[in-house]
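Q: No letters, just coordinates:
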């Protein structure tokens, strides 16, 4: 047994004199006499008996091995107990009121965490929880964030249980943000409200504070301003990670190889997969690339687990699960029924803009963004506005307009018209190669556009105009 294992054992069993004696022998073998003498003092009569009798080494080595086996068996039992208790917690929380509601199931949650701390195999009596153990103080360095739709009680229970059991040993604070739900879509926003802050102490005891009066049937405290600032920083980071991750996969699809750097994604036209970049992207690139490479290896049957685990433990340690929130590449959906354009990741709507269309002149089907052009035809105030994104190799495009009153109407010859701020944000978010689907009855009738100061905006990649071509899009 390495002395790290023995140190852990004696910390949990300080009265085991034989363990102290064995740890002392380990330190003595390493030449750390001071530490060895301290351990021998703790061992007391065991040290005296063994040293006086000069017992053969294989006797105490055999005892040492038994300690290892007993410790490992106990840990296995504890892990099994935690797994079953987590499943039980999910069942208890599903469909039931949140933490601070009268008669809520968190007394049961307290019992679960207490039983995890116990050395006994049976559950302990549930401790009383009044919510006082979680205040509204500042977030700890070991915090994580996540977001979920809170319209269904089942999802509330699942995400709270995940925050308790799946956020990692180092995490002691988890902030859970609430997304609006519309039909089957979750609506992402920069300033999503904090629904819960959950904390665990070193022994695994969990406490939770609700910040939603409707959820807790109470008057919750104010969310601290410092936490609100952290939420804005975290959501902005996830949007940037989503754009960069989508660009990496787009590059791989186009070139059949991985990009070497952010620079490879941010070339002048026509190789401008990314429209805007930031210093943060350079920091994000290595772990994101490692994640994609590890997943690609795993998809081919190769082991990419170690590489993925390394990447997860770096830049995205502040996100539950250790990976970017947006797992799927960005896509664009255009709904002709309600004049909406959405940027999505899986079932989450990242942005939803009102657009101008051409009625039946706007084609339905699946396309990809090919040409990404700044100031199409050399003008920022022309009929195509300051940005244009061609749909496959057709004469249809998503672009700006010098007729903003046409947004929401069917006045184009088939193209998709957007307000200036909207098209510039979409140009920055959606990389070249982004899939575009056009149809009817695809999206809810709402918008999800940030405040001006919360728009996605980084540094524009130089030379994204195309002076060698005059575009004749069907505006």
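A: Good, I have the coordinates. Just so it is clear, the structure is predicted and the values come from calculations on it, not from any experiment.
Q: Helices of the chain, residue ranges please.
A: Ranges of helices in the chain, per DSSP state H, are 3-12, 17-29, 33-43, 45-53, 57-93, 106-117, 153-165, 213-216, 225-255, 262-265, 279-299, 305-312, 420-429.
Q: Go through the ones you listed and find the least confident stretch.
A: Of all those, the minimum mean pLDDT falls on helix 106-117 (a mean of 35).
Q: Can you give me the distance of residue 426 to residue 419?
A: Note on residue 426: its distance to residue 419, by C-beta to C-beta, to the nearest Å, is 10 Å. The way it works is simple: take the backbone N, C-alpha and C, and place the C-beta from them, glycine included.
Q: give the contact list for residue 357.
A: With contacts defined as C-beta atoms under 8 Å, 6 or more residues apart in numbering, residue 357 is in contact with 334, 336, 339, 409, 410, 412, 416, 417.
Q: Which members of the residues you listed are the farthest-apart pair?
A: Maximum pairwise distance in the contacts of residue 357, criterion C-beta to C-beta, is 14.7 Å, between 334 and 409.
Q: neighbour-wise, which of those two wins?
A: Neighbours were counted for residue 334 and for residue 409 using other C-beta atoms under 10 Å; residue 334 has more, 24 against 15.
Q: show me what contacts the nearest residue to residue 278 once chain neighbours are set aside?
A: In this structure, residue 278 finds its nearest non-sequential neighbour in residue 458, 4.1 Å apart by C-beta to C-beta, 6 or more residues apart in numbering. Contact partners of residue 458, counting by C-beta under 8 Å, 6+ apart, are 240, 276, 277, 278, 281, 428.
Q: try 7 Å this time
A: 276, 277, 278, 428 (C-beta atoms under 7 Å, 6 or more residues apart in numbering).
Q: returning to that earlier point: out of the contacts of residue 357, who's the most crowded?
A: Going by other C-beta under 10 Å, residue 417 tops those with 30 neighbours.
Q: so it bridges to which residues?
A: Here residue 417 sits in beta bridges with residue 356, residue 399, going by DSSP bridges.
Q: Wait, it touches residue 406, no?
A: Yes - here residue 417 reaches residue 406: they are 5.9 Å apart, a contact under C-beta atoms under 7 Å.
Q: Which neighbours do those two have in common?
A: residue 356.
Q: Give the rounded mean pLDDT of stretch 325-335.
A: Averaged over stretch 325-335, pLDDT sits at 97.
Q: Need the residues that contact that stretch.
A: So stretch 325-335 is in contact with 147, 238, 241-243, 245-246, 249, 319, 341-346, 350, 355, 416, 429-430, 434-438, 440-443, going by C-beta under 7 Å, 6+ apart.
Q: now do stretch 237-251
A: 259, 264-265, 273-274, 278, 280-281, 284-285, 288-289, 292, 324-326, 329-330, 345, 350, 429, 431-434, 456.
Q: Which parts of it count as buried, going by neighbours?
A: Residues of stretch 237-251 classed as buried by neighbour count (16 or more other C-beta atoms under 10 Å): 237-251.
Q: Check stretch 336-354 too.
A: Within stretch 336-354, judged by 16+ other C-beta under 10 Å, the buried ones are 336, 339-345, 348-354.
Q: Pop out the phi and psi values for residue 273.
A: phi -60, psi -40 (degrees, to the nearest 10).
Q: so it touches residue 431, yeah?
A: Yes - counting by C-beta under 7 Å, residue 273 does reach residue 431; the two are 4.9 Å apart.
Q: pLDDT on stretch 462-471, on average?
A: Throughout stretch 462-471, pLDDT has a mean value of 95.
Q: Okay, now it: how far is its last residue from its first?
A: Across its full length, stretch 462-471 reaches 20 Å between end residues, using C-alpha to C-alpha, to the nearest Å.
Q: one step back: what's the ChimeraX line that selects buried ones from the contacts of stretch 237-251?
A: Applying 16+ other C-beta under 10 Å to the contacts of stretch 237-251 leaves a buried subset, and the ChimeraX line that selects it is:
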select :259,264,265,273,274,278,280,281,284,285,288,289,292,324,325,326,329,330,345,350,429,431,432,433,434,456
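Q: Could you list the low-pLDDT ranges of the stretch 351-475 of the chain?
A: Applying pLDDT under 70 to the stretch 351-475 of the chain flags no residue at all.
Q: ok, now with 90
A: Scanning the stretch 351-475 of the chain for pLDDT under 90 picks out the ranges 393.
Q: re earlier: can I get the contacts of residue 458 in TSV including distance to residue 32?
A: Formatted as TSV, the contacts of residue 458 follow (distance: C-beta to C-beta, whole Å):
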residue	distance to residue 32
276	56
277	51
278	49
428	57
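Q: looking at the sheet around residue 436, what are its partners?
A: Here residue 436, judged by DSSP bridges, has bridge partners residue 332, residue 367.
Q: Equivalent analysis for residue 207, please.
A: Residue 207 has these beta-bridge partners by DSSP bridges: residue 199.
Q: Would you mind measuring from residue 458 to residue 282?
A: Noted for residue 458: a distance of 12 Å to residue 282, by C-beta to C-beta.
Q: Okay, buried residues for stretch 384-400 please.
A: Buried residues in stretch 384-400, defined by neighbour count with 16+ other C-beta under 10 Å: 384-391, 396-400.
Q: what's around residue 255, how many residues?
A: 12.
Q: Start the count at 733 instead of 1 going forward.
A: Will do, 733 is the new start, and the previous item becomes residue 987.
Q: which residues sit in contact with it?
A: If you count contacts by C-beta under 7 Å, 6+ apart, residue 987 has none.
Q: my guess is residue 948 meets residue 941, correct?
A: No - Residue 948 lies out of contact with residue 941 (C-beta under 7 Å); the separation is 8.8 Å.
Q: any idea how far the closest residue to residue 914 other than its chain neighbours lies from residue 921?
A: Of all residues not flanking residue 914 in the chain, residue 1176 sits nearest, at 4.0 Å (C-beta to C-beta, 6+ apart). Separation of residue 1176 from residue 921 (C-beta to C-beta): 14 Å.
Q: Would you list the phi and psi of residue 1096?
A: Main-chain dihedrals, residue 1096, degrees, to the nearest 10: phi -110, psi 150.
Q: ok, it - how many residues close by?
A: Per other C-beta under 10 Å, the neighbour tally for residue 1096 reads 11.
Q: got a list of what it touches?
A: Neighbouring residues of residue 1096 by C-beta under 7 Å, 6+ apart: 1170, 1171.
Q: wait, isn't residue 942 in contact with residue 948?
A: Yes - counting by C-beta under 7 Å, residue 942 does reach residue 948; the two are 3.7 Å apart.
Q: I am finished for the moment; much appreciated.
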